[in-house]
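Student: Sequence and predicted structure, then a few things I'm wondering about:
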Amino acid sequence: MQPLTGLKNHRKKLILFLGSTIGNLDKAESFNLLRNIASIMSDSDRLIIGMDMLKPVSLLEAAYNDSQGVTKAFNLNILTRLNREAGANFGLEDFEHLAFFNPDKEQIEMHLQARKPVNVAFAQMAWSTAFDEGETLHTEICRKYSKLSANRLFRAAGFSPVDWFGDDRDWFALVLLKKINILAK
């Protein structure tokens, strides 16, 4: 998320931002990242960005609530890291994994929900907090894009799609972008 000014004066560039990392950023962070990239690009440079596209809600929710518990373990690991790195005393058994699709924001939201009232102390910060039963700790977002929402983001940040490359179902896309002058509308 830091400025990419070190690349500004290099000759012709092809910038790759593969995967779907942009999906873990909120709307403002996504815009800022793309504006930062646009600021170091010339008219002849190109950006290829990977984006996780919208899919049926049932499929999305099943993926983030997988029967093997992989996503649950990933989510609960946040508490393990807080215990280790911040001296917290979370009991992993006191929280359950919760993941659902928020259609208004086009994103999966992952939470850890307290199974009972819980008090948590953070020894390294000399701070504590309480969770009521059912209260959630919002841990992650995974944004999904329609072509319309992606194109709005690209345009606002100073890009225009040159081409889209996707799988047969359009569930993931690589988008080739060029910089545009957004002031010249």
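Tutor: Looks like it arrived, so ask away. Residues are numbered from 1 along each chain as shown.

Student: where does the chain dip in pLDDT?
Tutor: Scanning the chain for pLDDT under 70 picks out the ranges 1-10, 182-185.

Student: the helices in it, which residues?
Tutor: All helices of the chain, identified by DSSP state H, fall at 27-39, 57-64, 70-86, 147-157.

Student: Strands of the chain, residue ranges please.
Tutor: 14-17, 46-52, 95-102, 107-114, 118-122, 127-131, 136-143, 159-166, 172-179 (DSSP state E).

Student: would you list those in a markdown table and tack on distance to residue 64?
Tutor: In short, each C-beta sits where N, CA and C put it, glycine included. Converted to a markdown table, the strands of the chain look like this (distance: least, CB to CB, whole Å):
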| stretch | distance to residue 64 |
| --- | --- |
| strand 14-17 | 23 |
| strand 46-52 | 12 |
| strand 95-102 | 4 |
| strand 107-114 | 5 |
| strand 118-122 | 23 |
| strand 127-131 | 21 |
| strand 136-143 | 7 |
| strand 159-166 | 21 |
| strand 172-179 | 16 |
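
Student: For the closest residue to residue 55 other than its chain neighbours, which residues are in contact?
Tutor: Closest residue in space to residue 55, ignoring its immediate chain neighbours: residue 171 at 5.3 Å, by CB to CB, 6 or more residues apart in numbering. By CB atoms under 8 Å, 6 or more residues apart in numbering, the contact set of residue 171 is 52-53, 55.

Student: Good, wrapping up.
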